[in-house]
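S.K.: got a structure for you, letters missing:
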């Protein structure tokens, strides 16, 4: 067979990649929501911190940040651990380092996407909620958030597509994901082209399925919204 | 924090900066040169040519750049035909493979950006040109491309910044760019914070410069065109 029996290994790697991507998305979406709310808040400190977050993260490559988190984290943990009583060397799990880094990075991008989505909801909606006596948290949960989700979808889908491709760089710090399995298979069989092509095809399947999913979600969330005919 | 090692190795960082900038500008330039005709084919032609361009952009935008890089640098070496061809000295060079991969990747994204910009042109401009009797070639050269390229500036600026971040992948195929310099310093001195924060600072300044450059370009070429 073309893949010399390495397909199960590749599929396991694909599962790891998907796991990393989904975990990172969860972290990124949380950070993005908090960041967007901070950027839109009345507190100058919140706006400044969120602004610093998005500017710094979007100004540095993913790979550099990941290497910083992984190697720097190792040094930091192993400097602090003896002070707390641990004698052995503590390893940072590449999965954790990868999820933290990618989640952190895309939290910055999602902050901008969600901020745009919040701004797209007509302000009158919020005012009407407040006029009815709802407090700010209720307005956010019941009125603003459901409406902003529809506007956030294009930004969210674009960032998800970039995110799932970015997970490939976690192979650099040794995570046994799809990319690493491909490298191992390629080294084993001396057929790098076949295996990297297989890896590329699997990523293509991921992105294609994601695009279909987002198209469905867009239609689903747009029910009841009148679209102008150009 | 011990920055002495960084200061000692500053020349390596500067040479890494040179490699990064060289890769970035060569890739962006060649990618744009390839993307312009491809975008026109994508939007103006119908049928096989347009579909082929679509397939190209679909594949290159749907797969990670790291996979594309490995396919080019490690993958092509698998074939005897490649190893014995005239192109082998090029294809076995990491710098050439990195430049080729980055160029093809940015060409794919830029093609879609320009194609989208062309599709979004006000129909009235095109109709007016046709009413004046302009042929296809003249129409594209004098009306469509100038307008589309100007409108594509914001999106292209984003793409340029993504490309800058993407060049850091060159360090994975052992090129000594900014990230490569940082990894070398980290490997030698075990100073990850100092090494990678310095590289990060360089990239940050480069990003800000690119943002400023595109803002100038937009002010010069896009703003005068926009309605007040």
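M.R.: Okay, I see it. These numbers were taken from a predicted model, which means no experiment stands behind them.

S.K.: ok, which residues in chain A are in contact with chain B?
M.R.: A:56, A:58-65, A:67-68, A:71-72, A:74-76, A:165-169, A:171-172, A:179, A:182-183, A:186, A:190-194, A:196-197, A:199-200, A:203-204, A:207-208 (C-beta under 8 Å from any C-beta of the partner chain). Every C-beta, even on glycine, is put in place using the N, C-alpha and C of the backbone.

S.K.: can you rerun that using 7 Å?
M.R.: With C-beta under 7 Å from any C-beta of the partner chain as the criterion, chain A meets chain B at residues A:59-64, A:67-68, A:71-72, A:75, A:165, A:168-169, A:172, A:179, A:186, A:191-193, A:196-197, A:199-200, A:203-204, A:207-208.

S.K.: Drop anything exposed from those residues.
M.R.: Neighbour-count burial (16 or more other C-beta atoms under 10 Å in any protein chain shown) applied to the residues of chain A next to chain B gives A:59-64, A:67-68, A:71-72, A:165, A:168-169, A:172, A:179, A:186, A:191-193, A:196-197, A:199-200, A:203-204, A:207.

S.K.: so after the helix or strand harbouring residue A:99, what's the next helix or strand?
M.R.: Here residue A:99, judged by DSSP states H and E, is contained in helix A:94-120. For helix A:94-120, the following helix or strand on the C-terminal side (DSSP H and E) is helix A:123-131.

S.K.: Can you name the element that comes right after that following helix?
M.R.: As assigned by DSSP H and E, the chain's next helix or strand after helix A:123-131 is helix A:136-139.

S.K.: For residue A:12, which residues are in contact?
M.R.: By C-beta atoms under 7 Å, 6 or more residues apart in numbering or on different chains, the residues touching residue A:12 are residue A:181.

S.K.: Figure out the helix or strand that it lives in.
M.R.: Using DSSP H and E, residue A:12 falls in helix A:7-39.

S.K.: Now find how far off-centre the helix of greatest length in chain B is within its chain.
M.R.: Scanning chain B for the helix with the most residues, using DSSP state H, yields helix B:10-44. Relative to its chain's centre, helix B:10-44 lies at 5 Å (C-alpha atoms, centre = their mean, to the nearest Å).

S.K.: Name the residues of the helix holding residue A:99 that are buried.
M.R.: In helix A:94-120, counting by 16+ other C-beta under 10 Å, buried: A:94-95, A:97-115, A:117-118.

S.K.: what's the angle from that helix to helix A:7-39?
M.R.: For helix A:94-120 against helix A:7-39, the angle by axes from the mean of the first three to the mean of the last three C-alpha atoms, to 10 degrees is 40 degrees.

S.K.: Can you name every helix or strand that helix A:94-120 contacts?
M.R.: Counting by 3 or more C-beta pairs under 7 Å, 6 or more residues apart in numbering or on different chains; DSSP states H and E, the packing neighbours recorded for helix A:94-120 are helix A:7-39, helix A:44-58, helix A:62-67, helix A:145-166.

S.K.: just how off-centre is the longest one within its chain?
M.R.: In this case it means helix A:7-39. Mean-position distance between helix A:7-39 and its chain equals 5 Å (C-alpha atoms, centre = their mean).

S.K.: List the buried residues of it.
M.R.: Applying 16+ other C-beta under 10 Å to helix A:7-39 flags A:9-10, A:13-14, A:16-18, A:20-21, A:23-25, A:27-29, A:31-39 as buried.

S.K.: Can you name the residues in contact with stretch A:132-150?
M.R.: When contacts are defined by C-beta under 7 Å, 6+ apart, stretch A:132-150 is touched by residues A:117, A:118, A:121, A:125, A:126, A:129, A:130, A:221, A:222.

S.K.: what sits against the second one?
M.R.: Spelled out, it's residue A:118. When contacts are counted by C-beta under 7 Å, 6+ apart, residue A:118 is found next to A:36, A:40, A:144, A:148.

S.K.: The same query, at a cut-off of 10 Å, please.
M.R.: Each residue near residue A:118 by C-beta atoms under 10 Å, 6 or more residues apart in numbering or on different chains is listed here: A:33, A:36-37, A:39-40, A:126, A:140, A:144-145, A:147-148, A:151-152.

S.K.: still on that earlier bit, tell me the angle of the helix holding residue A:12 relative to helix A:145-166?
M.R.: Interaxial angle of helix A:7-39 relative to helix A:145-166 (the same axes, to 10 degrees): 140 degrees.

S.K.: need the contacts of stretch A:132-150 in CSV with pLDDT, can you?
M.R.: Listed next are those as CSV, based on pLDDT from 0 to 100:
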residue, pLDDT
A:117, 90
A:118, 90
A:121, 89
A:125, 91
A:126, 90
A:129, 93
A:130, 93
A:221, 80
A:222, 76
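
S.K.: Please look at residue B:202 and residue B:12 and confirm they touch.
M.R.: No - taking C-beta atoms under 10 Å as the definition, residue B:202 is not a contact partner of residue B:12, at 11.8 Å.

S.K.: shared neighbours of those two, which are they?
M.R.: With C-beta under 10 Å, 6+ apart as the test, residue B:202 and residue B:12 both reach B:178, B:181, B:182.

S.K.: tell me, how many neighbours does the first one end up with?
M.R.: Just to be clear, that refers to residue B:178. The local packing of residue B:178 (other C-beta atoms under 10 Å in any protein chain shown) involves 31 other residues.

S.K.: ok, it to residue A:67 distance?
M.R.: 12 Å (C-beta to C-beta, to the nearest Å).

S.K.: what's the answer for the second one, then?
M.R.: According to C-beta to C-beta, residue B:181 stands 12 Å off from residue A:67.

S.K.: Any regions of chain B where pLDDT drops low?
M.R.: Scanning chain B for pLDDT under 70 picks out the ranges B:228.

S.K.: Please identify the helix or strand for residue B:7.
M.R.: Here residue B:7 sits within helix B:4-8, counting by DSSP H and E.

S.K.: now check that helix, is it near chain A?
M.R.: No - Helix B:4-8 does not reach chain A (C-beta under 10 Å from any C-beta of the partner chain); its nearest approach is 13.8 Å.

S.K.: residues making contact with that helix?
M.R.: For helix B:4-8, contacts defined as C-beta under 10 Å, 6+ apart pick out B:12-13, B:182, B:185-186, B:188-191, B:194-195, B:197-199.

S.K.: hmm, 7 Å instead?
M.R.: Helix B:4-8 has contacts (C-beta under 7 Å, 6+ apart) with B:185, B:189, B:191, B:194, B:195, B:198.
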